[in-house]
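# only geometry, no sequence info:
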Ligand SMILES: NC(=O)C1=CN([C@@H]2O[C@H](COP(=O)(O)OP(=O)(O)OC[C@H]3O[C@@H](n4cnc5c(N)ncnc54)[C@H](O)[C@@H]3O)[C@@H](O)[C@H]2O)C=CC1
Ligand SMILES: O=C(O)C(=O)COP(=O)(O)O
C-alpha cells in the first residue's frame, strides 16, 4: 500500500444522530472499521473538534454542516445525509471544497406517506381531541364535526416521491386527489394537477405539504394561504418547519370558530436539539392538533434501509470514486478497478483542464487507460486510470494543474 492512499482502517467515519446500525454493518462489510458513532447531533464547537480528523461524516436532519464547520474539516472527503433533506448542509461550500454530499432520496418516503394517511383519518374524526378528553376521564360520544375520508379531496403541495405515494394511498381509501407543484408532473391514478394555488386551496378538505426547504418554499404558507382554504379543512406539514408561518397557523386553529378543523405538524421552525430539551411552540395545547417530534421518516424499516443505502454510497465513493446520486457533485458511476490505479481530480470548471491533464501525462510518458469526466456549472470531476507504477507521478502532475481543488489516488 502506497503512502499516498490510505489503508481502509485509517479512513475515519464519524456517524452522528444515531444512524441505524446497518450503516456500521455495511461499512464493516466493505472493510471499513474506523468508525466513531454518536447517538446525538453536536453543537458547532464540538462538531468542529470531532470533524477535524474525519474523512466521512454521516448526519441526519439536525446537524448543521455550515461553511464554517466545513472549512475546519481538513480531511473530509464525503458527507452523507442519512435522510432525504440536505438543507442542513451548505451544499455549495461542500462543492467548492470538492466534497460530494449523498442522501437517501427514497428510503423513508413510504413512512411519511403512511403517517400522513393515519393523521388525515384521525383529524377528520377529531380523535386527538376526543383522545385527550378520554385520558382526563371525559366521554365525548358525538358525531359533530366527524367526517369520513371517502369522497373528500386531499390537496398535496409538492408532488414528488412522498406526495405521489400519499396520493395513491389516499385514493385507496376513496379520496379525490389534487396536487400543486411548480413543475408539471405526471398525475398518478386519478390525481389532478391544479396550477393556481388559491383555486387548489379552495377545493381541498385536507392540505398536506411535501416540498423541500428551498428559497422558494420559505414561508410559502402563511395567513393568506390559510384564509384561502375551505372552512374547517385540515392542514398537515411533515416537510420542513420553515415552509409554514407557525404563528399564522396557530391563529387559524384558535378561537371559538377556528378557520381550520385541525392540523398535524411534524416539523417546526425551531426544533429541540436533543430529546432532553423542551419543545416550545405556539401550537401546544390547541384542540385537534397532532404534534409529533419530526418522526415522519423514523420507522425501523426506513432507518435500516437508509443506513445500508448511504453507507453503501460512502463505500462506493471511497473504493471506486463513484459519485452516483450525489446531490451537489458531478455524477460518475464507475466499475471497480482491479490491477490499475484510479486517480480522482476535482477542479473548478473552466475550459481546457482535460487537455492540460492529457498533455502533462503525455510529457511524463504516463499512459491513461480510462478516463471519465462529468461537470456541474462550478466544478469538474475527472477520474483517470493509469498503471499502478505510474500512480505517484500521475498524482504529482494532477496536483500541479491550475484550478485543482483536490486530487487523490485509489490503489
Ligand atoms: N418529516 C420527516 O421526517 C421527513 C421530511 N421530509 C421532507 O419532505 C420533503 C419532500 O420529500 P420528497 O417528496 O422525497 O421530495 P421530492 O424532491 O421528491 O419532491 C418535492 C416536490 O416539491 C416540488 N416543489 C419544490 N418547490 C416547490 C414550490 N415552491 N411549490 C410547489 N412545489 C414545489 C418539487 O417540484 C417536487 O415535485 C423533503 O425535502 C424533506 O424536507 C422527507 C422525509 C422525512
Ligand atoms: O429525511 C428527511 O428529510 C427527514 O426530515 C428525516 O430526518 P431525520 O433523519 O428523522 O432527522
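Now that the structure is in, tell me what you want to look at. Remember, it's a predicted structure, so these values are computed and weren't measured experimentally. Residues are numbered from 1 along each chain as shown. Ligands and ions are numbered 1, 2, ... in the order given.

# secondary structure class of residue 178, three-state.
strand (DSSP: H, G, I helix; E, B strand; the rest coil).

# no, scratch that, I was asking about residue 329
coil.

# what's the closest non-adjacent residue to it?
Spatially, and ignoring its direct neighbours in sequence, residue 329 is nearest to residue 100 (3.8 Å; Cβ to Cβ, 6 or more residues apart in numbering). In this view, the C-beta of every residue, glycine as well, is placed from N, C-alpha and C.

# so what's the residue in the chain that ligand 1 sits nearest to scoring on pLDDT?
Scanning the chain for proximity to ligand 1 using Cβ to the nearest ligand atom identifies residue 160 as nearest, at 1.7 Å. According to the prediction, residue 160 has pLDDT 98.

# swap in the one 4 residues further on?
Residue 164 is assigned 98 on the pLDDT scale.

# quick one: residues contacting it.
Going by Cβ atoms under 8 Å, 6 or more residues apart in numbering, residue 164 touches 185, 188.

# pull out the buried residues from the helix or strand hosting it.
Using DSSP states H and E, residue 164 sits within helix 161-172. Judged by neighbour count (16 or more other Cβ atoms under 10 Å), helix 161-172 contains these buried residues: 161, 162, 163, 164, 165, 166, 167, 169, 170, 171.

# among the residues you listed, which one lies nearest to residue 242?
residue 162 (17.1 Å; Cβ to Cβ).

# what does the stretch 251-400 of the chain put close to ligand 1?
Residues of the stretch 251-400 of the chain found near ligand 1 (Cβ under 6 Å from any ligand atom) are 266, 267, 294, 296, 297.

# let's go with 8 Å and repeat that
266, 267, 294, 295, 296, 297, 298 (Cβ under 8 Å from any ligand atom).

# the residues you listed: which two are farthest apart?
Every pair of those checked by Cβ to Cβ; the farthest is 267 and 298, at 12.1 Å.

# the more surrounded of these two?
With neighbours defined as other Cβ atoms under 10 Å, residue 267 and residue 298 compare such that residue 267 has more, 22 against 17.

# wait, that one sits on residue 239?
Yes: under the criterion of Cβ atoms under 8 Å, residue 267 makes contact with residue 239 at 6.4 Å.

# need the strands for the stretch 51-200 of the chain, in chain order.
In the stretch 51-200 of the chain, the strands defined using DSSP state E, counting those that start in this stretch lie at 56-59, 78-81, 101-102, 153-157, 176-180, 192-193.

# got CSV for these, with mean neighbour count, mean pLDDT and distance to residue 121 too?
Converted to CSV, the strands of the stretch 51-200 of the chain look like this (neighbours: other Cβ atoms under 10 Å; pLDDT from 0 to 100; distance: least, Cβ to Cβ, whole Å):
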stretch, mean neighbour count, mean pLDDT, distance to residue 121
strand 56-59, 27, 98, 33
strand 78-81, 27, 98, 31
strand 101-102, 24, 98, 35
strand 153-157, 26, 99, 11
strand 176-180, 23, 98, 15
strand 192-193, 16, 98, 22
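
# the nearest residue to residue 259 once chain neighbours are set aside: what's it in contact with?
Leaving aside its sequence neighbours, residue 259 sits nearest to residue 252 (Cβ to Cβ, 6+ apart; 4.4 Å). By Cβ under 8 Å, 6+ apart, residue 252 lies in contact with 223, 226, 229, 235, 258, 259, 260.
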